[in-house]
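Asker: Sequence and predicted model, in that order:
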Amino acid sequence: MNPSDWQQGGTAFDWQGFRLFVRRGGAGKPLLLIHGFPTSSFDWAAMWPALSAAYSLHALDMLGFGLSDKPEAFPYSLSASADQWQDYVLSQGLREVDVVAHDYGDTVLQELLARQNEGRMPFRIQRATFLNGGLFPEATFPILMQKLLLGPLGPVVARLSSFSRFRASMRSIAGAPLAEQELQWHWQLLSRANGRAVMPKIIQYIRERQRHRERWTGALQQAGIPLHLIVGERDPISGKTIAERWQTLLPNSPITRLEPVGHYPQWEAPERVLAAMDTTA
């Protein structure tokens with residue numbers, strides 16, 4: 001499936017005057033698919049056919065990502081992304097959902113769980129599956145490009161970014177070579193609508209994770225629902241170190257370790273991710 005096919009299968013959700021791209025499909029229990037940085041809901045394309053046979057799927061491009069609007073002046077934050085998901089789910093009348101999240105999306109899910117623990121969610125998350133992501137900032141190690149975007153020269157770095165640099169960064173965090181065509185598709189979605197300009201703002205989520213570490217770690221420890229980590233262990237950002245920290249902090253929640261898989265298990269080994277989800281369903 002290419003981005004054009006993905007877009008044709010989607011629709012728009014209006015959020016505070018902005019257009020968010022959403023893709024729905026399948027039938028069954030609602031499953032939310034929350035993507036990571038700097039990519040989009042297209043991350044789930046390889047798993048979509050199989051998941052749609054078992055679930056009613058909901059995949060949203062959060063503001064600033066993919067096929068959604070990318071306003072430069074917006075105050076991007078993980079909390080705002082959680083607001084988008086919360087408002088979308090409410091608009092669909094969903095009451096109980098499962099969630100699969102990756103990377104940036106992991107922390108969006110942590111914030112939703114924190115709200116659920118506080119009793120202020122209009123729906124209930126019943127099961128949460130996390131793929132590679134910075135769940136625990138003390139066990140997360142950003143790569144050079146992330147550090148540059150995060151720093152004072154971030155806007156310049158973003159403006160000078162190119163497909164070749166994107167390709168190099170993505171391949172450095174993968175466990176096996178990623179296909180050239182697939183990388184081009186993801187770059188196309190990232191860079192559309194002046195998307196590079198908002199990356200230095202969105203990536204401040206790394207600092208948010210540090211500031212709210214206790215809240216978002218506590219959200220997992222107090223969740224009271226089944227949690228599952230599926231981790232590509234060859235990820236230099238959030239692979240083995242996250243798995244080890246999860247085992248320490250959440251000893252009763254299962255881990256599925258994937259080798260030789262890196263930061264994007266849903267691209268690199270979709271069948272193995274699907275199999276791991278089946279074992280804990």
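Answerer: Received, thanks.
Asker: can you tell me how far Ala158 sits from Ile203?
Answerer: Computed as CB to CB, to the nearest Å, the Ala158 to Ile203 distance reads 9 Å. C-beta coordinates here come from the backbone N, C-alpha and C atoms, glycine included.
Asker: what do the two both touch?
Answerer: Common contacts of Ala158 and Ile203 (CB atoms under 8 Å, 6 or more residues apart in numbering): Leu149.
Asker: Settle it for me: which of these two has more neighbours?
Answerer: Ile203 (24 against 20; other CB atoms under 10 Å).
Asker: Now do the phi/psi pair for Val99.
Answerer: Val99 adopts backbone torsions of phi -140, psi 140, taken as degrees, to the nearest 10.
Asker: who touches it in this structure?
Answerer: Leu31, Leu32, Leu33, Ile34, Leu109, Leu112, Ile125, Arg127, Ala128, Thr129.
Asker: In contact with the closest residue in space to the first one that isn't next to it in sequence: list those residues for me.
Answerer: Spelled out, that is Leu31. Leaving aside its sequence neighbours, Leu31 sits nearest to Tyr55 (CB to CB, 6 or more residues apart in numbering; 3.8 Å). For Tyr55, the contact set (CB under 8 Å, 6+ apart) comprises Gly26, Ala27, Gly28, Lys29, Pro30, Leu31, Asp98.
Asker: And for Phe74?
Answerer: Phe18, Leu63, Gly64, Ala80, Val198, Lys201.
Asker: neighbour-wise, which of the residues you listed leads?
Answerer: Gly64 (25 neighbours).
Asker: Now that residue: closest residue in space that isn't a chain neighbour?
Answerer: Val198 (4.6 Å).
Asker: re the thing from before, what separates the residue nearest to Leu31 from Arg209, distance-wise?
Answerer: According to CB to CB, Tyr55 and Arg209 sit 28 Å apart.
Asker: Show me what counts as buried in stretch 19-38.
Answerer: Buried positions in stretch 19-38, judged by neighbour count with 16 or more other CB atoms under 10 Å: 20-23, 26, 30-38.
Asker: OK, contacts around the nearest residue to Asp43 once chain neighbours are set aside?
Answerer: Counting by CB to CB, 6+ apart, Asp43 lies nearest to His35, which is 4.8 Å off, once chain neighbours are set aside. By CB under 8 Å, 6+ apart, the residues touching His35 are 41-44, 59, 61-62, 65-66, 102-105.
Asker: For His35, report the pLDDT, please.
Answerer: On the pLDDT scale, His35 is placed at 98.
Asker: Now it: phi and psi?
Answerer: Residue torsions, per degrees, to the nearest 10, at His35 are phi -80, psi 180.
Asker: what does Trp15 give?
Answerer: The phi/psi pair for Trp15 (degrees, to the nearest 10) is phi -130, psi 110.
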